[in-house]
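Participant: Okay, predicted coordinates and the sequence, questions at the end:
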Amino acid sequence: MAEGGGFEPPRACAPPVFKTGAFNHSAIPPFAIILSPMDLQIAGKHAMVAAGSKGIGFAAARRLVEAGCHVSFCGRTEEVLARAQAELGPNSHGTVCDVSDPGSLEHWFGTSRTRFGPVSILVTNTGGPKPGLEGSLTDEDWRHGVDNVLLNVTRMVGHARADMVGANWGRIVHVTSFVAKEPDPILAISATLRAGLVALTKLQAQALGPHGVAVNSVLPGHTLTDRQRHLAEVNSERLGISYEEALGRQAMHSPMARFGDPDELGAVIAFLCSVPAGYVSGVSLAVDGAASRGI
């Protein structure tokens, strides 16, 4: 630390020297460990990422590919899947899948196992259910929400469970929303069902923990995805303001006064899928820029 409170930047140094045999600590220059990326120790594992063709799902898929995983991801349209796969590269494969449809899920898991083998990592993720105030929603709206937010998660875990238990190793991360702990009146279905996912995460973690499987949830705050853009359209009409103003107001809900970047979420998800995170389980982690007020 330099005088006056300023931080003294690290001096330039030679690259680390790696030798076979005994570990040579003196060969590592100052700051080399700090500046080196963490090895997630999951290279070669088969990871499945739902709704992985864009947004947070794509960011998670990209981080897992960078960690050396073989990544199978799904989406709703061939065109978007093709663009995502072109960016993710040969260690990835995209499949058209509606995660709310049991037959479509079964097909995705079957083709993924054929290509990459047993499933070691599962990231569940879907688009949000219909927005609306609690008293304005129909029974059909709620049924569709249950299928799209809750049942698809139990089905995906059901498909992956045997592979993970058989290997005595696995990672499951559910991408939900911070409204599970900070309900938003305009997101009545999402808040209700995602709170249920918090409980389901704990139950699955307790059931699968003896088999080496860690289960966690990530609760994103206001992250700049298609969902946020859609909510801005809804709020624009509801409040009689411009789309731009509605989007700006949403960003200001965070004490950081900005949207989260999907890649920030992807990095957290990838860490929770890692070997070093093996003792983190049953946690519902808010990644929301301190937007949720609860303790």
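Facilitator: Everything's here; your move. Given the structure is predicted, the values throughout are model-derived calculations rather than measurements. Numbers count the residues shown, from 1 in each chain.

Participant: contacts, neighbours, all on C-alpha from now
Facilitator: Fine.

Participant: Quick check, pLDDT for the closest residue to E78 other than its chain neighbours.
Facilitator: Ranked by C-alpha to C-alpha, 6 or more residues apart in numbering and with sequence neighbours excluded, the top spatial neighbour of E78 is V96, at 6.4 Å. The model reports V96 with a pLDDT of 97.

Participant: for V96, which residues make a bridge with it?
Facilitator: Assessed by DSSP bridges, V96 has beta-bridge partners G75.

Participant: show me what contacts it?
Facilitator: C74, G75, R76, T77, E78, L81, W108 (C-alpha atoms under 8 Å, 6 or more residues apart in numbering).

Participant: Repeat that for L197.
Facilitator: Under the criterion of C-alpha under 8 Å, 6+ apart, the neighbours of L197 are L150, T176.

Participant: Determine the three-state secondary structure at it.
Facilitator: The local conformation at L197, judged by DSSP: H, G, I helix; E, B strand; the rest coil, is helix.

Participant: From F259, how far off is it?
Facilitator: L197 sits 24 Å away from F259, taking C-alpha to C-alpha, to the nearest Å as the criterion.

Participant: Kindly report the same for A290.
Facilitator: As judged by C-alpha to C-alpha, A290 and F259 stand 12 Å apart.

Participant: Neighbour count: these two, which is higher?
Facilitator: A count of neighbours by other C-alpha atoms under 10 Å puts F259 above the other of A290 and F259, at 21 against 13.

Participant: Excluding chain neighbours, give the residue nearest to D39 in space.
Facilitator: Looking at D39 with C-alpha to C-alpha, 6+ apart, the closest residue is A67, at 7.5 Å.

Participant: Okay, strands next: where are they in the stretch 1-150 of the chain?
Facilitator: With strands called from DSSP state E, counting those that start in this stretch, the stretch 1-150 of the chain shows them at 46-49, 70-75, 92-96, 121-124.

Participant: Let me see the residues that make contact with the longest one.
Facilitator: Residues lying outside strand 70-75 but in contact with it, judged by C-alpha under 8 Å, 6+ apart, are 44-53, 61, 64-65, 81, 91-98, 108, 112, 116.

Participant: longest strand anywhere in the chain?
Facilitator: Longest among the strand segments of the chain by residue count, using DSSP state E, is strand 213-220.

Participant: what packs against that strand?
Facilitator: The contact analysis (3 or more C-alpha pairs under 8 Å, 6 or more residues apart in numbering; DSSP states H and E) places strand 213-220 against strand 170-175, helix 188-208, helix 262-272, strand 284-287.

Participant: Averaged pLDDT, the second one. What do you get?
Facilitator: Regarding helix 188-208, the rounded mean pLDDT is 97.

Participant: Give me the distance from it to the chain's centre.
Facilitator: Chain-centre distance of helix 188-208: 15 Å, with C-alpha atoms, centre = their mean, to the nearest Å.

Participant: just the angle between that helix and strand 213-220, please?
Facilitator: With axes from the mean of the first three to the mean of the last three C-alpha atoms, to 10 degrees as the basis, helix 188-208 and strand 213-220 are set at 160 degrees to each other.

Participant: in helix 188-208, what counts as buried?
Facilitator: By 16 or more other C-alpha atoms under 10 Å, the buried positions in helix 188-208 come out as 188-195, 197-198, 200-202, 204-206, 208.

Participant: that older thread, which one of the helices and strands packed on strand 213-220 lies nearest to T154?
Facilitator: Comparison of those against T154 by C-alpha to C-alpha identifies helix 188-208 as nearest, at 8.7 Å.

Participant: where do the helices sit along the chain?
Facilitator: Taking DSSP state H, the helices of the chain run over residues 32-35, 55-66, 78-88, 102-116, 139-145, 152-167, 188-208, 226-239, 243-251, 262-272.

Participant: Just confirm V179 contacts S190, I think it does.
Facilitator: Yes - if you go by C-alpha atoms under 8 Å, V179 and S190 touch, sitting 7.2 Å apart.

Participant: hang on, the earlier thing: redo the helices and strands packed on strand 213-220 as TSV? Include distance to L133.
Facilitator: What follows is the helices and strands packed on strand 213-220, written out as TSV (distance: least, C-alpha to C-alpha, whole Å):
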stretch	distance to L133
strand 170-175	23
helix 188-208	6
helix 262-272	27
strand 284-287	23
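
Participant: Which one, of these, ends up nearest to R229?
Facilitator: Set against R229 and scored by C-alpha to C-alpha, the helices and strands packed on strand 213-220 come closest in helix 262-272, at 13.6 Å.

Participant: ok so, going back, just tell me which of the helices and strands packed on strand 213-220 ends up closest to E87.
Facilitator: Distances from E87 to each of these were compared using C-alpha to C-alpha; the shortest belongs to helix 262-272, at 14.4 Å.
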